[in-house]
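**Student:** Quick one, structure for this:
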Amino acid sequence: MLSAKQWLIMISIGIFFLTIMISAGADHPKQPAPKSFSEREFLNLYKSAVIKQNQVLKNLEFRVECRKRYRYFPDESRSRDYRFSSHLLGKGNSIIVIENYTAETLFGGTERDLVSCTTPAYSFNLSRTDSDKPFLLNLVTHDSSQIENRRPTDELDMFLSGGNLIFFDPLHMSIEAPPFRIVQAKRIPANEKSVSELLSLDLAMHDDNAPFKTGRVLFSPDLNWAVLEYEYRSAPKDGTFTIYSGRNTFTPLQKNGVPMLIQGEHNVVQKTGNQKQFDYTFSARLTSFSFDTVEDAHFRLSHYGLSDVPLAKPTSTTGKQIIAPRCELKDIPANETARQRVTIQNTSSLPLQLLGAAVPCTPSGCASAEGLPLRIPAGQQGSFTILFKATTPGKFDTEIELYTDQPGQTKIKMPLYGTVKENAKVQQKK
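**Tutor:** You can find the predicted model right below:
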């Protein structure tokens, strides 16, 4: 079952495609809206929009102020409110998001600056605890399916990446076989709140497994079919259902025929009967944007002070491999953090730099690394620390990937296993 975050990703994936029914050029006269809309006419307009937006949005850059609010009503202690700024860059099919938090982050305040990058060839994530510290490499992958799944979400989808509220992924969805039917297309005349005529579409999904069953979208034809409002509802299951909604504000058309989304808000509410279970809201406000300012260097690790070696596709090697020791953490009390020193022997003839690590979470708790990046001269050894924040009693058996600047071995796999036990102090308090 998809999480609320994934539902929001699919819904917010690409407000941008339906916001930019781009005209042929800046000087092209505005075409009057058709007098009536059939389903086929609407699909043709959408298909034209996808083609034209790909011709224009080849290189662009945004800066936005964002807020993520999550309320979990059965237990308010799990509710969170995050504020941060994002720098969003796109060039061709490559996109990157740099998030700067001023206080608590999604990771409990341990990371202040986050970087998420995807290109057709690779994807990587970076983080650092303070802006004056070096970035750590948290993930790098060349697998095409993983790259697609790790594309930046939320604020990027709202302003940059494409898609729309109906098709989710227009680059792969067959427009000749849309997953919905139009129940009703209704024109809304211009009034004191709207200076131009709007179009409202009521939709119903064909697929019973779709995340929502019905929906309504409000378009502005004069803003190249920008999506002003939307609301979708899932079918109730065991009395529980979800409502997805959003509202957006746009600039007038730019010189290239593109209206820019200057402020938007997405909301997901799950209810059981009339009782709210959770409410997730993501909002973003555009502070600046520019075209043709993004360079290839933005999508390289060297732009952030790290080696570009891990970005090359892994190749088989017959050279001697560096082996990481097994890391075992026994009998960690629940709700406490265990620490263990790990020593790596550099058996190669070249200096070795550990650039970061992919550290996993398990049902019993989450791991992290301290003391990276780490440089180890040839033939010598170096040490760093593995931390494990225990949550639930039980056994864990997983693996940490250490990223290096060695062309013949860009990843070193280190086994991590152990046990979490009941916390006697907590049991006594109960």
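**Student:** which parts of stretch 359-371 are buried?
**Tutor:** For stretch 359-371, burial by neighbour count (16 or more other C-beta atoms under 10 Å) applies to 359, 362, 364-369. The way it works is simple: take the backbone N, C-alpha and C, and place the C-beta from them, glycine included.
**Student:** Next, the buried residues of stretch 343-361.
**Tutor:** Within stretch 343-361, the residues that count as buried by 16+ other C-beta under 10 Å are 344, 346, 348, 352-359.
**Student:** ok, now which ones touch Arg187?
**Tutor:** By C-beta atoms under 8 Å, 6 or more residues apart in numbering, the contact list for Arg187 reads 197-200.
**Student:** do that again at 6 Å, thanks
**Tutor:** In this structure, Arg187 makes contact with Leu199, judged by C-beta atoms under 6 Å, 6 or more residues apart in numbering.
**Student:** Output stretch 75-86 as CSV, restricted to C-alpha atoms.
**Tutor:** Taking C-alpha atoms only, stretch 75-86 is exported to CSV below (Å, rounded to 0.1, in the frame of the first residue of the first chain):
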residue,chain,number,x,y,z
ASP,A,75,-1.2,11.3,18.7
GLU,A,76,-0.4,15.0,18.4
SER,A,77,3.2,14.3,19.6
ARG,A,78,3.9,12.9,16.2
SER,A,79,2.8,16.1,14.4
ARG,A,80,5.5,18.2,12.7
ASP,A,81,5.9,21.6,11.1
TYR,A,82,9.0,22.3,9.0
ARG,A,83,10.0,25.6,7.2
PHE,A,84,12.8,25.8,4.7
SER,A,85,14.0,27.4,1.5
SER,A,86,14.6,25.5,-1.7
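**Student:** Skip the chain neighbours and tell me the closest residue to Asn335.
**Tutor:** Once flanking residues are discounted, Asn335 sits nearest to Asn423: 5.5 Å by C-beta to C-beta, 6 or more residues apart in numbering.
**Student:** so what's Met361 bridging to?
**Tutor:** One correction, residue 361 is Cys, not Met. Cys361 forms beta bridges with Cys366, as assigned by DSSP bridges.
**Student:** quick one, helices of the stretch 51-200 of the chain?
**Tutor:** Secondary structure of the stretch 51-200 of the chain (DSSP state H, counting those that start in this stretch): helices at 144-149, 155-159.
**Student:** looking at the ones you listed, which one has the lowest mean pLDDT?
**Tutor:** Mean pLDDT per stretch puts helix 155-159 lowest among those, at a mean of 57.
**Student:** Would you mind giving me the confidence score for Asp308?
**Tutor:** Per-residue pLDDT puts Asp308 at 96.
**Student:** number of nearby residues for it?
**Tutor:** Using other C-beta atoms under 10 Å, Asp308 is surrounded by 11 other residues.
**Student:** What of the one 5 residues further on?
**Tutor:** Residues near Lys313, counting by other C-beta under 10 Å, number 8.
**Student:** Surely it forms part of a helix?
**Tutor:** No - according to DSSP: H, G, I helix; E, B strand; the rest coil, Lys313 belongs to no helix; its state is coil.
**Student:** so what's the backbone phi/psi at the nearest residue to it once chain neighbours are set aside?
**Tutor:** Using C-beta to C-beta, 6+ apart and skipping the chain neighbours, the partner closest in space to Lys313 is His142 (5.2 Å). Dihedral angles of His142 (phi, psi; degrees, to the nearest 10) stand at phi -120, psi 0.
**Student:** In terms of pLDDT, where does His142 sit?
**Tutor:** His142 is assigned 93 on the pLDDT scale.
**Student:** related to what we said a few turns ago, ok, which pair from the buried residues of stretch 343-361 is furthest apart?
**Tutor:** Spanning the widest gap among these are Ser348 and Val359, at 23.7 Å by C-beta to C-beta.
**Student:** quick one: pLDDT of the closest residue to Lys58 other than its chain neighbours?
**Tutor:** Leaving aside its chain neighbours, Lys58 sits nearest to Gly92 (6.2 Å; criterion: C-beta to C-beta, 6+ apart). Reported pLDDT at Gly92 in the predicted model: 85.
**Student:** Just give the number of residues close to Gly92.
**Tutor:** Residues lying near Gly92 (other C-beta under 10 Å) number 14.
**Student:** The one 3 residues further on now?
**Tutor:** Around Ile95 there are 24 other residues, counting by other C-beta under 10 Å.
**Student:** check contacts around it.
**Tutor:** Counting by C-beta under 6 Å, 6+ apart, Ile95 touches Thr118.
**Student:** Now Phe84: closest residue in space, sequence neighbours ignored.
**Tutor:** Tyr101 (4.5 Å).
**Student:** Please apply the same query to Asp296.
**Tutor:** Lys91 (7.2 Å).
**Student:** which residues does that neighbour form a beta bridge with?
**Tutor:** Those that pair with Lys91 in a beta bridge, by DSSP bridges, are Asn59, Ser94.
**Student:** Check Tyr403 too.
**Tutor:** Bridge pairing for Tyr403 - DSSP bridges - gives Gly356, Lys411.
**Student:** so what's it scoring on pLDDT?
**Tutor:** pLDDT, Tyr403: 96.
**Student:** cool, Lys133 as well?
**Tutor:** For Lys133, pLDDT reads 87.
**Student:** ok, which pair from the buried residues of stretch 359-371 is furthest apart?
**Tutor:** Within the buried residues of stretch 359-371, Ser364 and Ala369 form the most distant pair, 17.7 Å apart (C-beta to C-beta).
**Student:** for the helix or strand hosting Leu218, packing partners?
**Tutor:** According to DSSP states H and E, Leu218 maps onto strand 214-220. Other elements packing on strand 214-220 under the criterion 3 or more C-beta pairs under 6 Å, 6 or more residues apart in numbering; DSSP states H and E are strand 198-205, strand 226-233.
**Student:** And that strand, how far out from the chain middle?
**Tutor:** Offset of strand 214-220 from its chain centre (C-alpha atoms, centre = their mean, to the nearest Å): 24 Å.
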